[in-house]
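Student: next one to model:
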Amino acid sequence: MKVKFIGKPNLNLHTADGKLRRTFVSVLFSLAITAFTACTNHKHKSNSPTGGVAQILLFNGTGTSPNDVSAIEAILKNNHLYYTIVNSSELNNMSELQMRKYRLLIIPGGNFIDMGKSLAPATTARVHNAVKHGLNYLGICAGGFLAGSSAYYNGFNLASGVCFGFYAAENQGTRKAVAITTPGAPAQDQYWEDGPQFTGWGAVAGKYPDGTPAIVQGTYGEGWIMLVGFHAEAPEDWRTGIKFNTTTKADNTCAGLIIRAAFYRAALPHF
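Tutor: Residues are numbered from 1 along each chain as shown. Okay, the predicted model is just below:
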């Protein structure tokens, strides 16, 4: 099978006014991209062209936000990343080996309780083991909650037994612009909607205004994990009635950076 390589990661991020370019990631690393043959027996929706290989598995099962899935798809397409869509029943029917044929699993935003309960305990155990044996994991908002440990909502338990809680603004309103701080860079407004904070696990690459972790990275076994409590992928129409000091384009560029860092196992600067 002919393997089509995905382009080099672009880790430069523009500030909100578009005049000042800053480097969000200053770490130097060498990317030796291995050719994965990610073909499976499942006929999921995929954006892979003929001859291309989908290396990302994007979950759109019960409880996920269809709007967030669409927003993530747009970022993946803009970054020329091939992905396959999988719903709850399809993920329930995948073996650990089939999951591990992909390089990255993305769990988006939505109702994390409904998402977790739509999966069989055996499925979450297979996801757990697939990450342990090398599958990378990106959890965004609800996907961040699911990375934690909870028998109630059938979490994946990828964070050493930690169960994550909500960022404190959850009791102040469900939608708002939240200033996220990253090392050595100005704060950047991001769309937040009842997302988690990640105290107790991982290297902190981004913080909420109260100092709790908004972006964390770490490993579980051989797998690389990134958890994000906000929605950098949010399109312009999510911002209606909310004042942002950062452009949608800047935030979406950040979303692409986060996905590529998860895909390439790239360590972001951390506090």
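
Student: only C-alpha atoms from now on, for both contacts and neighbour counts.
Tutor: Will do.

Student: give me the sheet partners of the longest strand along the chain and which way each runs.
Tutor: When the chain is parsed with DSSP state E, its longest strand is strand 213-220. Its sheet considered, strand 213-220 pairs with strand 203-207 (antiparallel), strand 223-228 (antiparallel) by DSSP bridges.

Student: so how far is it from its chain's centroid?
Tutor: Chain-centre distance of strand 213-220: 11 Å, with CA atoms, centre = their mean, to the nearest Å.

Student: ok, now stretch 184-201?
Tutor: Centroid separation between stretch 184-201 and its chain, computed with CA atoms, centre = their mean, is 13 Å.

Student: in space, what's closest to residue 112 - neighbours in sequence excluded?
Tutor: Leaving aside its chain neighbours, residue 112 sits nearest to residue 142 (4.8 Å; criterion: CA to CA, 6 or more residues apart in numbering).

Student: verify the stated contact: the one you found with residue 106.
Tutor: No - using CA atoms under 8 Å, residue 142 is not in contact with residue 106; the gap is 10.9 Å.

Student: looking at the two, which is more packed in?
Tutor: More crowded of residue 142 and residue 106, by other CA atoms under 10 Å: residue 142, with 28 against 24.

Student: how near is that one to residue 249?
Tutor: Shown here: residue 142 relative to residue 249, a distance of 23 Å by CA to CA, to the nearest Å.

Student: can you check residue 136 too?
Tutor: Note on residue 136: its distance to residue 249, by CA to CA, is 26 Å.

Student: which of the strands paired with strand 213-220 sits most buried?
Tutor: strand 223-228 (a mean of 27; mean count of other CA atoms under 10 Å).

Student: let's see that strand as CSV, backbone CA atoms only.
Tutor: Coordinates of each C-alpha in strand 223-228 appear next as CSV, following Å, rounded to 0.1, in the frame of the first residue of the first chain:
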residue,chain,number,x,y,z
GLY,A,223,0.3,6.2,24.6
TRP,A,224,0.5,9.9,24.4
ILE,A,225,-2.4,11.9,26.0
MET,A,226,-3.5,15.5,25.6
LEU,A,227,-6.5,16.8,27.5
VAL,A,228,-8.1,20.2,26.8
